[in-house]
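Colleague: here is a sequence together with a model predicted from it:
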Amino acid sequence: LGTGRADYALHVDGKLVGAIEAKREGTTLSAVSVQSSKYMKLTSEQQLRAWRTPLPLRYESNGAETWFANGLDPAPQRSRRVFSFHRPETVAAWMTDAEAEPETPSYRSRLRHMPTLDDRGLRPAQIDAVAGIESALAADKPRALVQMATGAGKTFTAVTTTYRLLKHARARR
């Protein structure tokens, strides 16, 4: 690629979308993300085949674990552990979504642009809980703890949050 040789280049529908940096098993991947981020720059010839420049998808793997960073996210420098490489169909769907909505091209960017909660019929504790969960997810915190009293409406809060994530952020699961 533009600044060195990546171990693997990822293509979806004939377009260059990312790179994989492969290391030996046992290698700590935290230091590898700096190396793989350099591969996102392309030569002028590669830019003609690329879906976007710089390349949006970056993987690091040592065979035992795999880390992933999505350049379409609002904070793309942050790699996170994934269970496996994403399927080409999934990446193609991300590409379609990003083309359709350039201002919010990824799930994490849609989390930061959630519409205002319609609080009619919700109790104050439920409003606080839904807002807290959404703000934690928008801040790239994958976990949140909701503490509510017995009978305060935890189930309705969970359903409301799930509905909003499915509808507005287009969460898949």
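Modeller: Nice, I can see it.

Colleague: for this structure, longest strand please?
Modeller: Among the segments of the chain that qualify as a strand by DSSP state E, the longest is strand 15-22.

Colleague: continuing past that one, what's the next helix or strand?
Modeller: With elements assigned by DSSP states H and E, the helix or strand that comes after strand 15-22 is helix 32-37.

Colleague: list the helices and strands that next one packs on?
Modeller: Using 3 or more C-beta pairs under 8 Å, 6 or more residues apart in numbering; DSSP states H and E, the elements in contact with helix 32-37 are strand 15-22, strand 57-61, strand 66-70. Heads up, the C-betas are built off the backbone N, CA and C, glycines and all.

Colleague: just say which of these is most tucked in.
Modeller: Stretch with highest mean neighbour count among the helices and strands packed on helix 32-37: strand 57-61 (a mean of 25; mean count of other C-beta atoms under 10 Å).

Colleague: now the helices and strands packed on helix 32-37 in CSV, with distance to E99 and mean pLDDT?
Modeller: Shown next, in CSV, are these (distance: least, C-beta to C-beta, whole Å; pLDDT from 0 to 100):
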stretch, distance to E99, mean pLDDT
strand 15-22, 11, 91
strand 57-61, 15, 92
strand 66-70, 15, 92
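
Colleague: circling back: packing partners for the longest strand of the chain?
Modeller: Under the contact rule (3+ C-beta pairs under 8 Å, 6+ apart), strand 15-22 is packed against strand 8-12, helix 32-37, helix 44-49, strand 57-61, helix 88-100.
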